[in-house]
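Q: just to be clear, the model below is a prediction. Sequence and coordinates:
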Amino acid sequence: MLDQANPWLAVPPEPPYLLPCDSEMIRAFNETHQNEACQLKDNVLPEPFIGDTAAQIVLLNLNPGFDDRNAGEHARSEFQSLLRTNLSQGSAGFPFYYLDPRFESEGRRWWENKLRSLLKLFGRNQLARSILCIELFPYHSRRFCHENLKLPSQEYGFGLARSAIARGAVVVIMRARRQWLAKIPELEKYPRVYTLKNPQNVVISPGNCPGEGFENIVSAIRNGGGLL
């Protein structure tokens, strides 16, 4: 059971969308890094996690990317509503909102591609209730340049990952294995963790999940968390 308060309830209603506990550090980082690709975006809502925080499949990713299309998508009131519902863990038909068929977006197309093997086996609604993605770093950027920037808000995501271990979820490290193990050392010996073979193309598929990884993901979705 996660015993940390959810800091993401404090995301401002208007830009800059920076948590009060993070804002000073992020502004200082952006001021000292002139490379625009590395700068953290404060004009789009952060995405520290996507999905039900009690899901039986937990994907560990690096950080939400950014391109010029993101700004337009994030400006849509309907999309902002989805993100804020997710941040507060409110009731949603599709907790993993990028599987919601009502909202066309680049993010939806990206995730449909990465989850296509699972989408062939499960309906969107079931899959959207079964998967949680946690980002190592919660704010958008064109490139990840922030390994040495430690934000207070990250601790909540690390708490979600520890909670996943405690409840016996299947954990998949999509990217940044070294960084995740440094933050969550207990992952090293956790029997239900798998690291994707290709971190450049993070498809959740039989060929990209080592050993019985994909079969155990499928089993956990079908059985509510049980292994084959």
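A: Now that the structure is in, tell me what you want to look at.
Q: below-threshold pLDDT in this structure: ranges please.
A: Scanning the chain for pLDDT under 70 picks out 1-3, 225-228.
Q: show me the strands in it, by range?
A: Per DSSP state E, the chain carries strands over the ranges 49-51, 57-61, 131-135, 170-173, 193-195.
Q: need those in a markdown table with mean neighbour count, can you?
A: For every residue, glycine as well, the C-beta is placed using N, CA and C. Converted to a markdown table, the strands of the chain look like this (neighbours: other C-beta atoms under 10 Å):
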| stretch | mean neighbour count |
| --- | --- |
| strand 49-51 | 25 |
| strand 57-61 | 25 |
| strand 131-135 | 24 |
| strand 170-173 | 24 |
| strand 193-195 | 21 |
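Q: name the residues that touch stretch 139-147?
A: For stretch 139-147, contacts defined as C-beta atoms under 8 Å, 6 or more residues apart in numbering pick out 18, 22, 26, 29, 33, 35-42, 44, 46-47, 62-67, 70, 137, 179.
Q: the same query, at a cut-off of 6 Å, please.
A: Residues outside stretch 139-147 that contact it (C-beta atoms under 6 Å, 6 or more residues apart in numbering): A37, C38, L40, K41, V44, P46, L62, N63, P64, F66, F137.
Q: grab the nearest non-local neighbour of V58.
A: Spatial nearest neighbour of V58, chain neighbours left out: A164 (4.2 Å); criterion: C-beta to C-beta, 6 or more residues apart in numbering.
Q: measure how buried that neighbour is and give me the count.
A: Other residues within reach of A164, judged by other C-beta atoms under 10 Å, total 27.
Q: next one: it from T53, what distance?
A: Distance of A164 to T53, computed by C-beta to C-beta, to the nearest Å: 9 Å.
Q: number of nearby residues for the closest residue to G224 other than its chain neighbours?
A: Excluding the flanking residues, the one nearest G224 by C-beta to C-beta, 6+ apart is Q56, at 6.3 Å. Around Q56 there are 23 other residues, counting by other C-beta under 10 Å.
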